[in-house]
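Novice: With the sequence up front, the predicted model follows.
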Amino acid sequence: MSPLLSRVLMKHLAPPLAPQAFLSAFLALALGATLAQAQDFEVRGDGLSGRVRVEQGRAKFTLLRDKAKETQFRETAAESLPGGGVRIRYEVEVKTKVFQGMVAWFKRPRLNRQAWKPSKRKVVAELLPTGKGGALAGEVDGEGQVWTPRIKAQDEWTVLAIPGLSTNNWNKVGIPYLDENLRALKARGLRGRRVEIKTEDGVLKNAAVIKAEIEAEAAAGRKVVFMAHSKGGTDVTAALALYPAVRRHVVGVIAIQPVYGGSYVADLVSEKKVLRGSMALVFEKVFKGQRDAVIDLTHEKRAAFVALHPYPADLIPTVVITSTFDRKLSKSPLWAPQKYIRSTQDLASDGLVTLADQAIPGAARTIFLDDLDHFEPGVRLESPHRPIDVTNAGLDALQAVLAKRRPQVKPTPPGVGKALGR
């Protein structure tokens with residue numbers, strides 16, 4: 001601040017204000033000047049994923065709730081609060097219930113269809129600093145939300161979703177596998193896509209495909225984040241172990257229920273002659289794949305592979321999401337395999353993989369979710385953990401891991417008592 005400006009401020013503000021009050025007033029003026037820049041946040045909550053851009057006194061939302069399509073609130077007023085919080089105001093449409101519409105129509109029969117038109121309801125909400133990396137938290141229209149400053153580097157990311165074993169045809173027959181996960185990524189402003197990999201092929205063949213996908217993204221000037229489920233996690237970790245040259249293009253890995261140590265169900269299929277023959281017939285004759293897709297997941301094969309090609313978790317930020325489930329009665333197709341693993345091994349599992357076999361040694365973060373079977377991270381069945389929540393948990397954890405590795409920059413505090421962006 002120049003000496004002239006200091007004298008002017010002291011002349012006009014100092015007489016009526018004590019030194020502490022003068023300092024507060026000066027900080028308010030100084031902070032208010034920072035609001036010319038737009039602020040981008042990622043939004044998350046229970047069954048909620050999205051983003052918000054705050055600029056020129058307005059907050060533009062894009063939100064995904066559960067399995068619904070994205071909704072946008074364009075005309076949302078926003079203003080800052082003392083201490084760095086944000087107050088937002090907007091209107092939402094409320095569908096008129098049939099009984100309410102009938103009452104309105106009886107009172108004024110000339111309304112006709114107008115009686116059943118949606119009404120407007122005003123929403124006022126405040127989000128306050130959490131003290132963690134500039135994040136804000138609060139209730140918006142009765143639902144808890146956390147706003148986290150968006151990382152600019154994410155514009156260069158492509159999130160590659162790697163599906164699990166034998167899931168190629170699920171979406172073709174109406175099973176929305178990974179669909180909700182991909183919508184959650186998009187809602188948060190991330191570029192993401194499902195890799196068209198043959199899920200009935202063995203680990204080595206799929207690892208080569210993944211290597212090529214990384215190289216294609218790198219050629220386009222983008223970095224890769226993997227969101228890999230089940231055998232997809234096995235394929236990704238194998239690719240990064242086998243091909244060191246592509247690691248520099250990978251930002252991180254989110255491995256959901258990876259079959260890293262092996263699967264007792266794969267052991268059973270491989271050991272029983274009848275089951276092994278049936279498996280070979282299905283994978284090679286029907287799916288035109290490889291029997292190795294299952295055999296590679298046995299404990300014997302996984303132990304041999306990891307011994308020769310250990311996954312470099314110390315070099316690649318890795319988040320692992322593990323789970324178990326154990327329901328007395330369930331519609332889950334994995335209910336019987338879960339009981340088989342419990343009765344023969346006395347181990348907790350997600351129905352296909354035990355908790356210990358889902359672990360990746362050296363992972364930066366491991367998240368445990370109870371009551372989630374091996375299919376439910378990508379398809380809704382009975383679990384309270386929805387695909388959108390599993391996706392958010394993995395992304396949040398990876399961002400936290402990456403934040404610890406980045407040089408710490410003190411966040412610019414939002415303005416005090418003025419409309420954002422003004």
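Specialist: Noted; the coordinates are in hand.
Novice: Would you tell me which strand is longest in this protein?
Specialist: If you go by DSSP state E, the chain has its longest strand at strand 119-129.
Novice: Just list what it packs against, helices and strands only.
Specialist: If you count contacts as 3 or more C-beta pairs under 8 Å, 6 or more residues apart in numbering; DSSP states H and E, strand 119-129 packs onto strand 86-94, strand 136-140. To be clear about C-beta, it is placed using only N, CA and C from the backbone, and glycine gets the same treatment.
Novice: any weak-confidence spans in this protein?
Specialist: Scanning the chain for pLDDT under 70 picks out the ranges 1-37, 67-75, 92-119, 271-292, 407-422.
Novice: re earlier: out of the helices and strands packed on strand 119-129, which is the most enclosed?
Specialist: Across the helices and strands packed on strand 119-129, averaging neighbours per residue (mean count of other C-beta atoms under 10 Å) puts strand 136-140 on top, at a mean of 18.
Novice: Any idea how far it is from the middle of the chain?
Specialist: Strand 136-140 sits 18 Å away from the centroid of its parent chain (C-alpha atoms, centre = their mean, to the nearest Å).
Novice: residues in contact with the residue nearest to residue 296 when sequence neighbours are not counted?
Specialist: Distances taken as C-beta to C-beta, 6 or more residues apart in numbering place residue 203 nearest to residue 296, at 4.4 Å, with adjacent residues excluded. Residue 203 sits next to 231, 234, 235, 238, 292, 296, 305 when contact means C-beta atoms under 8 Å, 6 or more residues apart in numbering.
Novice: Then residue 136?
Specialist: 41, 84, 85, 86, 127, 128, 129, 130, 146, 147 are the contacts of residue 136 under C-beta under 8 Å, 6+ apart.
Novice: May I have the secondary structure class of residue 376?
Specialist: Assigned with DSSP: H, G, I helix; E, B strand; the rest coil, residue 376 falls in the coil class.
Novice: Can you get me a residue count around the closest residue to it other than its chain neighbours?
Specialist: Counting by C-beta to C-beta, 6+ apart, residue 383 is the residue found nearest to residue 376 once chain neighbours are left out, at 4.3 Å. Per other C-beta atoms under 10 Å, the neighbour tally for residue 383 reads 22.
Novice: what does the lengthiest helix in the chain contact?
Specialist: Counting residues, the longest helix found in the chain (DSSP state H) is helix 387-405. Defining contact as C-beta under 8 Å, 6+ apart, one finds that helix 387-405 is touched by 44, 46-49, 64, 66-67, 133, 148, 151, 178, 180-181, 183-185, 188, 190, 225, 227, 251-252, 254, 256, 317, 319, 321, 364-365, 367, 369, 372, 376-380.
Novice: Inside helices: which ones of those?
Specialist: Those of these lying in helices (DSSP H): 180, 181, 183, 184, 185.
Novice: possible to save the helices and strands packed on strand 119-129 as JSON lines with distance to residue 247?
Specialist: Below are the helices and strands packed on strand 119-129 laid out as JSON lines (distance: least, C-beta to C-beta, whole Å):
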{"stretch": "strand 86-94", "distance to residue 247": "39"}
{"stretch": "strand 136-140", "distance to residue 247": "35"}
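Novice: Tell me which of those lies nearest to residue 214.
Specialist: Of all the helices and strands packed on strand 119-129, it is strand 136-140 that lies closest to residue 214, at 34.7 Å by C-beta to C-beta.
Novice: So what are the sheet partners of that closest one and their directions?
Specialist: strand 119-129 (antiparallel), strand 143-149 (antiparallel) (DSSP bridges).
Novice: What residues of the last one count as buried?
Specialist: Looking back up the chat, that one is strand 143-149. 145, 146, 147, 148 (16 or more other C-beta atoms under 10 Å).
Novice: Restricted to buried residues, select the contacts of helix 387-405 in ChimeraX.
Specialist: Buried subset of these, written as a ChimeraX selection, criterion 16+ other C-beta under 10 Å:
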select :44,47,48,49,64,148,178,180,181,183,184,185,188,190,225,227,251,252,254,256,317,319,321,364,365,367,369,372,376,377,378,379
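Novice: Extract the CA atoms of stretch 263-271 and return them as CSV.
Specialist: Taking C-alpha atoms only, stretch 263-271 is exported to CSV below (Å, rounded to 0.1, in the frame of the first residue of the first chain):
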residue,chain,number,x,y,z
SER,A,263,-10.5,-65.0,-5.3
TYR,A,264,-11.7,-68.2,-3.7
VAL,A,265,-14.5,-68.4,-6.2
ALA,A,266,-11.9,-68.3,-9.0
ASP,A,267,-10.1,-71.0,-7.1
LEU,A,268,-13.2,-73.2,-7.0
VAL,A,269,-14.0,-72.8,-10.7
SER,A,270,-10.4,-73.5,-11.6
GLU,A,271,-10.0,-76.6,-9.4
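Novice: list the buried ones in it?
Specialist: By neighbour count with 16+ other C-beta under 10 Å, stretch 263-271 contains the buried residues 263, 264, 265, 266, 267, 268, 269, 270.
Novice: Looking at those residues, spot the one nearest residue 354.
Specialist: residue 264 (7.0 Å).
Novice: Now the closest residue to that closest one other than its chain neighbours: which helix or strand?
Specialist: In this structure, residue 264 finds its nearest non-sequential neighbour in residue 341, 5.3 Å apart by C-beta to C-beta, 6+ apart. Element membership of residue 341 [criterion: DSSP states H and E] is helix 335-345.
Novice: Give the buried residues for that helix.
Specialist: Neighbour counts using 16+ other C-beta under 10 Å place 335, 337, 338, 340, 341 of helix 335-345 among the buried residues.
Novice: what's it in contact with?
Specialist: Contacts of helix 335-345 (C-beta under 8 Å, 6+ apart): 264-265, 268, 325-327, 329, 332, 347-352, 354, 373.
Novice: can we see that at 10 Å?
Specialist: Outside helix 335-345, the residues that touch it by C-beta atoms under 10 Å, 6 or more residues apart in numbering are 263-265, 267-268, 324-330, 332, 334, 347-354, 373-374, 382.
Novice: and those residues, which of them are in strands?
Specialist: Within these, residues falling in strands by DSSP E are residue 324.
Novice: In ChimeraX, how would I select just the buried ones from the contacts of helix 335-345?
Specialist: Restricted to buried positions by 16+ other C-beta under 10 Å, the ChimeraX selection for the contacts of helix 335-345 reads:
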select :263,264,265,267,268,324,325,326,330,332,334,348,349,350,351,352,353,354,373,374
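Novice: what about the residue nearest to residue 264, distance to residue 83?
Specialist: Going from residue 341 to residue 83 by C-beta to C-beta, to the nearest Å gives 52 Å.
Novice: Please apply the same query to residue 129.
Specialist: Taking C-beta to C-beta as the measure, residue 129 falls 7 Å from residue 83.
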